[in-house]
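> Take this sequence and fold it.
(one chain, ligands or ions: 1)
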Amino acid sequence: MRVAGCDYRTVWLDGSTVRAVNQALLPHRFEIAALATHGDTAGAIRDMVVRGAPAIGAAGGFGMAQVFLEAPSELPARVEYVEQGYQRLRLTRPTAQNLFYALERVRQAGLAQIDPAQAASAAMAEALAYADQDAAACLRIGQLGAPLIREGATVLTHCNAGWLACVDWGTALAPIYVAHRAGRKLKVLADETRPRLQGMSLTAWELAAEGVSVEIIADNAAGFFMRSGGVDLVITGADRIAANGDTANKIGTYEKALCARASGIPFYIAAPASTFDLNCPDGQGIPIEERSGEELTSVAGLDEQGRLVKVRIAPAGATARNPAFDVTPAELITGIITEKGIIRPTAQDIARVIAPAIG
Ligand code: MRU
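Predicted coordinates:
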């Protein structure tokens, strides 16, 4: 997607360095982070410099390729290094399935080669293939989902499931971009998405950069707008979709789905096949990341001098709970927009359409 007239992907490989849009600085500064080692890449995923399930997958895949590039050529030290790097990348964030999918693909590609140089180039090729496939899948999600958005529609979305959360295009935002570029008039309501405010700082930023009309709303205003006829459909992304269609996404997604159902509004999930975890029978098996309570008790922003600062907003000593995701039960989901088609959130449709795509 375009930033100030230049085309960017969220994350890419430049020689042996991973480069990524630094999402921790947006919307205030647009900077590219340079991640020279797999340790740097793991740190960037953990600290949410790169975030959003498909983007985490791409960064993880590139990080795994870095592991093979860095590994000593002698055995058994090489195998040990690869295993340690793999585990380090796996432990960065627990919920987004794309991370585990990409890591496994790149690890297997590297391990299939005996020669160290060939192992590194096979791992790099696989990581690049994952990134290219993700970009293509997201564009297809956009093309398949765009007809759901009628002329003059208002779409509500939660968190950031745009191009920043993927390699390119986005998942929930891809149908919006495709419809917008086709000249359809539409508007987006972006939930601010407490506590890290991805809706306010990322979704509003990237939609405005593409010229899409967007208004930020407080998280707890979504029900008001849905109930009063101000929303035509809801589209969100996903971090992991279980075999029965139960879907983990950013905390608060479940409440939006409940509001949508109570207001008779269609509620769609948009996600590539790499977000599905067919080994997870239902939502109860999806690991939910619990992050530091400090994300609630403090906020970051610009002070009057334009410096990035963090300020405490809770009483001194207050503690907080901070689950980063929740699970929306399949029965609240109207459909899942994938690159393979818009499917019903049922075990049958998922097994028929998604299982062949992810092997
Ligand atoms: O904690 P984050 O910012 O990585 O969470 C991201 C989300 O929940 C997104 O909605 C999800 O990854 C879909 S991304 C296309």
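
> Show me what the helix or strand containing L144 is packed up against.
Element membership for L144 (DSSP states H and E) is helix 116-145. Contacts defined by 3 or more Cβ pairs under 8 Å, 6 or more residues apart in numbering; DSSP states H and E place helix 116-145 against strand 11-14, helix 53-70, helix 97-111, helix 174-181, strand 267-270, strand 335-338, strand 341-343. C-beta here means a position set from N, CA and C on the backbone, and glycine is covered the same way.

> Kindly compare burial across these and name the winner.
Mean neighbour count (mean count of other Cβ atoms under 10 Å) peaks for helix 53-70 among those, with a mean of 30.

> angle of the helix or strand just after it against helix 116-145?
Scanning forward in sequence from helix 53-70 by DSSP H and E, the next helix or strand is helix 77-90. Angle of helix 77-90 versus helix 116-145, following axes from the mean of the first three to the mean of the last three Cα atoms, to 10 degrees, is 30 degrees.

> How far off centre is helix 77-90?
Computed by Cα atoms, centre = their mean, to the nearest Å, the chain-centroid distance of helix 77-90 equals 24 Å.

> can you check stretch 161-170 too?
Taking the mean of its C-alpha atoms, stretch 161-170 sits 7 Å from the chain's own mean (Cα atoms, centre = their mean).

> Check the separation of the first and last residues in that stretch.
One end of stretch 161-170 sits 6 Å from the other (Cα to Cα, to the nearest Å).

> Please apply the same query to stretch 35-53.
End residues of stretch 35-53 are separated by 19 Å (Cα to Cα).

> Return the set of buried residues in that stretch.
35, 37-45, 48-53 (16 or more other Cβ atoms under 10 Å).

> Relative to the whole chain's centre, how far out is that stretch?
13 Å.

> between the helix holding L144 and helix 174-181, how many degrees?
Using the same axes, to 10 degrees: helix 116-145 against helix 174-181 is 60 degrees.

> Tell me how far helix 116-145 lies from the chain's centre.
On Cα atoms, centre = their mean, the centre of helix 116-145 falls 15 Å from the chain's centre.

> Any idea how many residues pack against the closest residue to the ligand within the stretch 151-300 of the chain?
Here the residue of the stretch 151-300 of the chain nearest the ligand is G237; by Cβ to the nearest ligand atom that distance is 2.5 Å. G237: 30 surrounding residues under other Cβ atoms under 10 Å.
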